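A.B. asks: mind looking at a prediction? Sequence and model below.
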Amino acid sequence: MPRRKKVKIPPETFMGYEIGQEVYCKALSDDRLCYGPITEFHKGCSHPDFDEPQPAVTVACLMRGSFQTCYMMDIIAEPTKKQLHKAQEEMAKLGMSLSQRKKRS
């Protein structure tokens, strides 16, 4: 009888954040602003500036229409007015403003 595969269940909350919570952050790939709900937590991602692995999250970015990964330390707790305006502009380019998106939910 073959062994059963272990199913890894992702944590629902991690370091004060939970899956589905909308956050502003800087993307790992290009340091650009991202905004969207957290879809997944990663507990050990390598970071070029640190020897030990750093926690990260995957965000379904509403500004770009793609999934972006960012480190937990790059999450912006209180975005500035400029960052909020930038997010509104980028979502408008994709055809979805923040008020329209909230009406759909």
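C.D. replies: Sure thing, it's come through. Residues are numbered from 1 along each chain as shown.

A.B. asks: how is Q88 assigned, secondary-structure-wise?
C.D. replies: Following DSSP: H, G, I helix; E, B strand; the rest coil, we place Q88 in the helix state.

A.B. asks: and it, how many residues sit next to it?
C.D. replies: Around Q88 there are 15 other residues, counting by other CB atoms under 10 Å. In this view, the C-beta of every residue, glycine as well, is placed from N, C-alpha and C.

A.B. asks: partner residues bridging Y35?
C.D. replies: Counting by DSSP bridges, Y35 forms beta bridges with Y24.

A.B. asks: just the strands in the protein please.
C.D. replies: Chain-ordered strands for the chain, with DSSP state E as the definition, fall at 13-14, 17-18, 22-26, 33-45, 54-61, 66-71, 75-76.

A.B. asks: and these, which one averages the lowest pLDDT?
C.D. replies: Per-stretch mean pLDDT for the strands of the chain is lowest at strand 13-14 (a mean of 80).

A.B. asks: same for it, what does it pack against?
C.D. replies: Using 3 or more CB pairs under 8 Å, 6 or more residues apart in numbering; DSSP states H and E as the contact test, no helix or strand touches strand 13-14.
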